[in-house]
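>>> dropping a prediction and its sequence here:
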Amino acid sequence: MRWSHLFIPTLREAPAEAEAPSHRLLVRAGYIRPVAAGIYSYLFLAQRSFLKIIRIVREEMDAIGAQEMLLPALHPAELWQESGRWELMGDNMFRLKDRFGRELCLGMTHEEVMTAIARGELRSYKQLPQIWYQIQTKFRDEPRPKSGLLRVRQFLMKDSYSFDLDPAGLDVSYEKHRRAYCRIFDRCGLRYIVVEAHSGAMGGSQSHEFMVPAEAGEDWVVVCSGCGYSANLEKAVSRPSPPVVADPDGDLAPEEFHTPGRKTIAEVAEFTGLPPSSQIKSLVMMVDGEPVLALVRGDHTLSETKFAEAVGGTEVRPAHGGEIRGWFGADAGSLGPVGVRGIRIMADAALRGRRNMICGANKDDYHLRNVTPDEDFTAEYHDLRQVEDGDACLRCGGPLERKKAVEVGHIFKLGYKYSESMGLRVLDASGKEVTPIMGSYGIGIERILCAAVELYHDEDGMALPVPIAPFAVVVTPVNASDERQRSAAEAIYGRCLELGLDALLDDRDERPGVKFKDADLIGIPYRITVGKKLAQGRVEVLERRTRQSWEMAEVEAASWVAAKVAAALGDGR
RNA sequence: CGGGCCGUGGCGCAGCCUGGCUAGCGCGCUUGCUUGGGGUGCAAGAGGUCCCGGGUUCAAAUCCCGGCGGCCCGACCA
């Protein structure tokens, strides 16, 4: 295509509010334009890139026997009421009413619709297994859209669903997806890790996330450099570092002491001269309207996800100051488990076996020393804390590291949650009714592009992987008024097209600097520069990612780039 | 939902505190000339409900009240 005819509105400066590299660059490079908070228009370049990503996704899904469909984005409330998620999703779901007052919502995901299709049509075990997928616009009423396309209210997603007769079948479908996802992200040129994940509101047993480590990422993952253990922070487990100071020996009785104005762990540590790891942090959580006391070591952080799972409540949140005073008669800065009656106490496993620690006295401005778990109070022990940097890996003892990452894919073993609640049954070989078991698998299309930009950019712009770049090569005559350069560039461009390359000819009457800057910005992997050396029949090929350049004969350039591009596309195409 | 910040031509900003000519600057855009290997130079132009509503005042981009929109941190998160 000829640049002079295209709409590629590049900006010299990015909008002030954009912070994440992918956000700044996608706007600057003319890929996207904001329409409202978390809602974007995808312009020509973005659309080209998405079409390439979608094609890769489609090829790999088809390769595992998945069947593509297209389901509605607009759903009736009844479907979501059946599964119980109409309430569960709360404000995260866009809801609306039609002219007759019927309630509808915009789909955040499609378990309900897919299951509704399956229950009407699947009747025999002979029809299983099935894998159905679609590439569809999804909606989520994000409380806080941010970081450009990384967290938005409307986005593209490939979602697939598997239906199997039994758990062994589900294992097979799950594994097919895991492998397909690896091929998809490999082909898109991403560097990613697969982590164990928490299932969240989806329900289900096993789940893995595909994560691309990047500073702009929204999720935290924990990885072990030793054995390769990796997990989402919500799920990760570790052996905590030992307390900084050993506990005092002896069978000491709790003893109250005055701590005027000392409310935080840090203030109490400073006041007592003992480190946070010698304290018990007491947090009050409201679980379905009832208070529960959660205890972790002073230097640890409560994982609300793990806590919620351990208590088994549906609605879990930190208690408000007023509620705390009502139950404990003290401020949040002076709480502790000693003497607490009628309130469930959950303690992190790292507190088990400790002796003579410090905690609040449930009396403003007083703390207790010599508090020993299981002697001075009793609690249920669970793993309740977040992994900290430097904790030891449970498998190999190596040090764990926390990293920010972008979630590009997520696979779940759903179990029977939807098939059961929505009444999906088939007859098995013995003529008995059985409930199929399901899996659910998602890929964020926009996030693949974002992650690639986060991974591969520099101060000049993006350096996209060949398979997902909007164009593979740009042919740039340096001097627009030089007839010989123009016709040579035309010839090379024509040759690129013949070789099947997605080629762009920068035929704009612009200064060379402008053309070079724009090409760098929009991230075209290869540039063929037709300039002064043309007098000797030579041109220059530049690789965007590495900034390496090669001078070669005019007639060679197109096929040379074609070979590079073919190598980058691998055998997938 | 808690905390912080911001709305002035397409983009980036100044002006506001201390109200007062026709609201400025850089980039971009248009026209002409110029230049031609990293956003060329000169000249002439076009383009603004100063987020919206109300109030104070002789006078509001500027002060006051309310609303809307957006960004960042945290909480939340198929």
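Received the coordinates, thanks.

>>> touching the helix or strand containing A:Met285 from outside, list them.
Secondary structure assignment for A:Met285, by DSSP states H and E: strand A:280-287. Outside of strand A:280-287, the residues within contact range by C-beta atoms under 8 Å, 6 or more residues apart in numbering are A:265, A:291-298, A:300, A:302, A:304, A:307-308, A:311, A:313, A:315-319, A:323-324, A:327-328, A:332, A:335-337, A:351, A:357-360, A:371, A:373. To be clear about C-beta, it is placed using only N, CA and C from the backbone, and glycine gets the same treatment.

>>> any part of the very next helix or strand once past that strand near RNA strand B?
Remark: after strand A:280-287, the chain's next helix or strand is strand A:290-297, criterion DSSP H and E. No: against RNA strand B, strand A:290-297 shows no contacts by C-beta under 7 Å from any atom of the strand, the least distance being 12.0 Å.

>>> ditto for stretch A:255-266
No: contact of stretch A:255-266 with RNA strand B (C-beta under 7 Å from any atom of the strand) is absent, the minimum separation being 14.9 Å.

>>> with adjacent residues omitted, what lies nearest to A:Asp518?
A:Thr10 (5.3 Å; C-beta to C-beta, 6 or more residues apart in numbering).

>>> confirm the one you found sits in a helix?
No: judged by DSSP: H, G, I helix; E, B strand; the rest coil, A:Thr10 forms no part of a helix; its state is coil.

>>> who's in contact with it?
Neighbours of A:Thr10 in contact, by C-beta under 8 Å, 6+ apart: A:28-30, A:518, A:521-522.

>>> hmm, try it at 10 Å
A:27-31, A:45, A:461, A:514, A:517-518, A:521-522 (C-beta atoms under 10 Å, 6 or more residues apart in numbering).

>>> now A:Leu190
A:184, A:210-212, A:406, A:408-409, A:447-448, A:451-452, A:454-456, A:465, A:468 are the contacts of A:Leu190 under C-beta under 10 Å, 6+ apart.

>>> can I get the CA coordinates of the helix or strand encompassing A:Ile448 in CSV?
Taking DSSP H and E as the criterion, A:Ile448 maps to helix A:445-455. Only the C-alpha atoms of helix A:445-455 are listed here, as CSV (Å, rounded to 0.1, in the frame of the first residue of the first chain):
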residue,chain,number,x,y,z
ILE,A,445,-6.7,-10.1,21.5
GLU,A,446,-5.8,-6.5,22.3
ARG,A,447,-3.6,-7.6,25.1
ILE,A,448,-1.4,-9.6,22.7
LEU,A,449,-0.6,-6.4,20.8
CYS,A,450,-0.1,-4.4,24.1
ALA,A,451,2.1,-7.1,25.5
ALA,A,452,4.2,-7.1,22.4
VAL,A,453,4.6,-3.4,22.5
GLU,A,454,5.5,-3.5,26.2
LEU,A,455,8.1,-6.2,25.4
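
>>> same question for that helix: list its buried residues.
A:445-455 (16 or more other C-beta atoms under 10 Å).

>>> give me the pLDDT value at A:Thr137.
Listed pLDDT for A:Thr137 reads 96.

>>> low-scoring stretches of the stretch 201-350 of chain A, by residue?
Residues of the stretch 201-350 of chain A meeting the criterion pLDDT under 70: A:201-204.

>>> how about the strands in it?
Using DSSP state E, counting those that start in this stretch, the strands of the stretch 201-350 of chain A run over A:207-213, A:219-224, A:230-232, A:255-258, A:280-287, A:290-297, A:316-318, A:344-348.

>>> can you add mean neighbour count and give those back as CSV?
Below are the strands of the stretch 201-350 of chain A laid out as CSV (neighbours: other C-beta atoms under 10 Å):
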stretch, mean neighbour count
strand A:207-213, 24
strand A:219-224, 21
strand A:230-232, 22
strand A:255-258, 12
strand A:280-287, 21
strand A:290-297, 22
strand A:316-318, 15
strand A:344-348, 21
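
>>> how about the strand holding A:Met285 and RNA strand B, any contact?
No: when contact is scored as C-beta under 7 Å from any atom of the strand, no part of strand A:280-287 falls within range of RNA strand B; the minimum is 9.8 Å.
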